[in-house]
Each structure stands twice: as C-alpha cells, then as structure tokens.
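*Asks:* Next come a sequence and a model predicted from it.
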Amino acid sequence: MSAPENRPGNGDSSHKKSSTNAANGAVDKAISAVNQASRNPVVAHFLRAAERFNDRMGNQFGAAITYFSFLSLIPVMMVSFAVAGYVLASHPTLLEDIFTRILNNVSDPTLASTLKNTIQTAVQQRTTVGLVGLMIALYSGINWMGNLREAVRAQSRDVWERNPQDKEKIWVKYLRDFTALTGLIIALVVTLFITSVAGSAQTLIIHLLHLDALTWLKPAWRAIGLVISIFANYLLFFWIFWRLPRHRPRRKALIRGTFIAAVGFEVLKIIMTYTLPKLVSSPSGAAFGSVLGLMAFFYFFARLTLFCAAWIATAQYKDDPQMPGKSRN
C-alpha cells in the first residue's frame, strides 16, 4: 500500500491554521496587556471618567455649550460697537482721522462709503445699540451659564437622573444662574488681572535689572509666565468645579482635577495661538477661519471642563475628605 500523498490542500490548511493561531495569540496578548494596563490606578481612573463622560452625554452638552457661547458673541459685539461709538463721539478728531484713512486706503468707493456709514451709525445710535446689546447679553449669558451648570451637574451627581428636589422655580433658577454668571465674570476678571499684572511686572523687573540682553534667561521668563497663566486658569476652573455642582467634591479630587483642567486649558490656548493665524492666512480661511477657530476653542473648552468634572466625580482616593458646604446631589 503506497504512502499518502502530501497534497497541496493539506499544506494550505495547515498554513491557515497556524496563521489563525498566531492571530488569536496576538489578540490574546493585546487583551492581556489592556487588562493589565486597566488595573493601573491612573488608567482605571481615566477609563471611569471617559465612561461617565460618554454615558452622560458629554459630547452633546459640549456642543450645546459651544452653540450658546458662539451665540453670546453677538450681543458682546453690539456692546463693543456701542463703546466704540461713544469713544468716537467724544473724539471728533479721531473720527475724522478714521474717515481720512478709509478714503486713502480703500480703493473701492462703494466699500469706503459703506464703512463710513457704518461708523456714523455706530456714533449716532450708540445708546440704543448699547442698551439692546446689554439686555441680550444678559439673557444669553444667563442661559449659557444655565447650560454649563446643568452639564457640570450631570457629570458630578451620583446618578444620571435628576432628583425631584432638584427642580426649581423659574425665577429661582434665573436668579441662581445670574449669581453664578456674576461670580464667573468676577473670577475671569481676577484671572485676567493676575495674568496682565504679572506680565507687566515681569517686563518691568527685566528692564530695571537690565536683563534684556541675556538671551539665555528668556526660557526662564517664559516658564515663569506659563506658571502664572496656569495659576490664573486654576482659579477659574476651581470656581467652576467648586461652585456649580450641588454638592462639594472631595478635596484631593478637586485639587488634582482642577490642575488637569488648568494645564489642559493652557495647552488649548497655545494651540489656538499658533493655529488660528494659519487658518486666516488663506483666502477661504480669511472668511471662515476665525469663525471655525472660535467654535473649535469653545467646543474643546466645554469638553475639557466636562471631562474634568467627570474625572473629579469618579476619583477614588483614600482619606479624601469632602469639601465643607452644601452636600445635596
């Protein structure tokens, strides 16, 4: 009886089986590596925060905050328009100088006439535009704060559904949102004041000590400015995460989560500083680049804020006391 032939089909089947076993082995190793990494406390915390962020509609809340942020720019521009009108009305020579520059630099007579009429309208209707802009800014700002507050609370409370006692009368809600908006504006002014004063003081100290020529010190000055800016960001996010939730978060979680938000916000500002000029450099970017840049900035700010709120809420630190104050979810 002859020996069985080594048919080509048998070789192909053995090759497929070995390839399948190798692929399954690679998948098993990858799963084992992921499971081992997920047991790391830092990675596990990040995964818990990401799961809560997704489960509690962090992306959708971020889009809503972006919409209301961009919408709030319209009344802010109206108020700025009115302020410019008051400035030009009190400085007639400046107004005439602007008109002269428009006529000298704008070759199209129709465009020059349109710009001149727009400036004259700003001067003549400055009071009306300013009052209407302030009223719309107040209304849109309160609604923006209400959306931010609800989004942060959705990430912070223990359960996704709101409790019946969370419902408030509409006038209480608007009063609370107005108070929160006022506090946020004060926190923003304080952070901007710290950043500007620290930057001016740093420049003055460098000039008084005649350190301008020491180029090797410039990285140190930039690092100091970066630290000051992160500190200002920290104050702003600390107010958001401490004031907006219905309950006070844990101390370590609040401190560390706020630091992550402050550093992330500074990275976002640096990225926008370098990318926005490139967006507006092209003809199409000149028309839409600034709008897209602002929308991207608002969107990533909202996502960063909500993710850090989820990170604070999912933190698990031993001997981490709760901050004093309100405790209702």
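*Replies:* It's in.
*Asks:* so which helix or strand takes in the nearest residue in space to Thr195 that is not next to it in sequence?
*Replies:* Nearest residue to Thr195 in three dimensions, chain neighbours excluded: Ala232, at 4.8 Å (C-beta to C-beta, 6 or more residues apart in numbering). Any C-beta I mention is one placed from the backbone N, CA and C, and that applies to glycine too. Assigned by DSSP states H and E, Ala232 belongs to helix 218-243.
*Asks:* Buried residues, that helix. List them.
*Replies:* Neighbour-count burial for helix 218-243 flags 221, 228-229, 232-234, 236-241, 243 (criterion: 16 or more other C-beta atoms under 10 Å).
*Asks:* closest to Glu51 among the residues you listed?
*Replies:* Distance to Glu51 across the buried residues of helix 218-243 (C-beta to C-beta) is lowest for Phe241, with 19.3 Å.
*Asks:* circling back: tell me the one of the buried residues of helix 218-243 nearest Val159?
*Replies:* Val159 has its nearest neighbour among the buried residues of helix 218-243 in Phe241, at 19.1 Å by C-beta to C-beta.
*Asks:* ok but Met77 is inside a helix, no?
*Replies:* Yes: checked against DSSP: H, G, I helix; E, B strand; the rest coil, Met77 lies within a helix.
*Asks:* Now do the same contact list for it.
*Replies:* Taking C-beta atoms under 8 Å, 6 or more residues apart in numbering, we find Met77 in contact with Gly133.
*Asks:* What mean pLDDT does stretch 250-270 get?
*Replies:* If you average the pLDDT over stretch 250-270, you get 91.
*Asks:* mind saving the C-alpha coords of that stretch as PDB?
*Replies:* Below are the C-alpha coordinates for stretch 250-270, written out as PDB (Å, rounded to 0.1, in the frame of the first residue of the first chain):
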ATOM      1  CA  ARG A 250     -13.700  65.600  47.500                       C
ATOM      2  CA  ARG A 251     -10.600  67.700  48.300                       C
ATOM      3  CA  LYS A 252      -7.900  65.800  46.600                       C
ATOM      4  CA  ALA A 253     -10.100  65.100  43.600                       C
ATOM      5  CA  LEU A 254     -11.000  68.800  43.300                       C
ATOM      6  CA  ILE A 255      -7.400  70.000  43.600                       C
ATOM      7  CA  ARG A 256      -6.000  67.500  41.100                       C
ATOM      8  CA  GLY A 257      -8.900  67.700  38.700                       C
ATOM      9  CA  THR A 258      -8.700  71.500  38.600                       C
ATOM     10  CA  PHE A 259      -5.000  71.300  38.000                       C
ATOM     11  CA  ILE A 260      -5.500  69.000  35.000                       C
ATOM     12  CA  ALA A 261      -8.100  71.400  33.600                       C
ATOM     13  CA  ALA A 262      -5.800  74.400  34.100                       C
ATOM     14  CA  VAL A 263      -2.900  72.700  32.300                       C
ATOM     15  CA  GLY A 264      -5.200  71.500  29.500                       C
ATOM     16  CA  PHE A 265      -6.700  74.900  29.000                       C
ATOM     17  CA  GLU A 266      -3.300  76.400  28.700                       C
ATOM     18  CA  VAL A 267      -2.300  73.800  26.100                       C
ATOM     19  CA  LEU A 268      -5.500  74.700  24.300                       C
ATOM     20  CA  LYS A 269      -4.700  78.400  24.300                       C
ATOM     21  CA  ILE A 270      -1.200  77.700  23.000                       C
END
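*Asks:* Lowest mean pLDDT among the helices and strands, pick that one out for the protein.
*Replies:* Lowest by mean pLDDT, DSSP states H and E among the helices and strands of the chain is helix 8-38, with a mean of 63.
*Asks:* quick one, what contacts the residue nearest to Thr195?
*Replies:* Each residue near Ala232 by C-beta under 8 Å, 6+ apart is listed here: 190-192, 194-195.
*Asks:* same thing but 6 Å
*Replies:* The contact partners of Ala232, taken as C-beta atoms under 6 Å, 6 or more residues apart in numbering, are 191, 194-195.
*Asks:* The longest helix seen in the chain vs helix 218-243, what angle?
*Replies:* Secondary structure of the chain per DSSP state H: the longest helix is helix 170-208. Counting by axes from the mean of the first three to the mean of the last three C-alpha atoms, to 10 degrees, helix 170-208 lies at 160 degrees to helix 218-243.
*Asks:* mind listing what's buried in helix 170-208?
*Replies:* So for helix 170-208, counting by 16+ other C-beta under 10 Å, buried means 174, 177, 180-181, 184, 187, 191, 195, 198.
*Asks:* Check stretch 258-265 too.
*Replies:* Quick answer for stretch 258-265 (16+ other C-beta under 10 Å): 258-262, 264-265.
*Asks:* Could you do stretch 239-255 as well?
*Replies:* Buried residues in stretch 239-255 (16+ other C-beta under 10 Å): 239-241, 243-250, 253-255.
*Asks:* Out of the residues you listed, which is nearest to Ala44?
*Replies:* Out of those, the member with the shortest distance to Ala44 (by C-beta to C-beta) is Ala253, at 14.3 Å.
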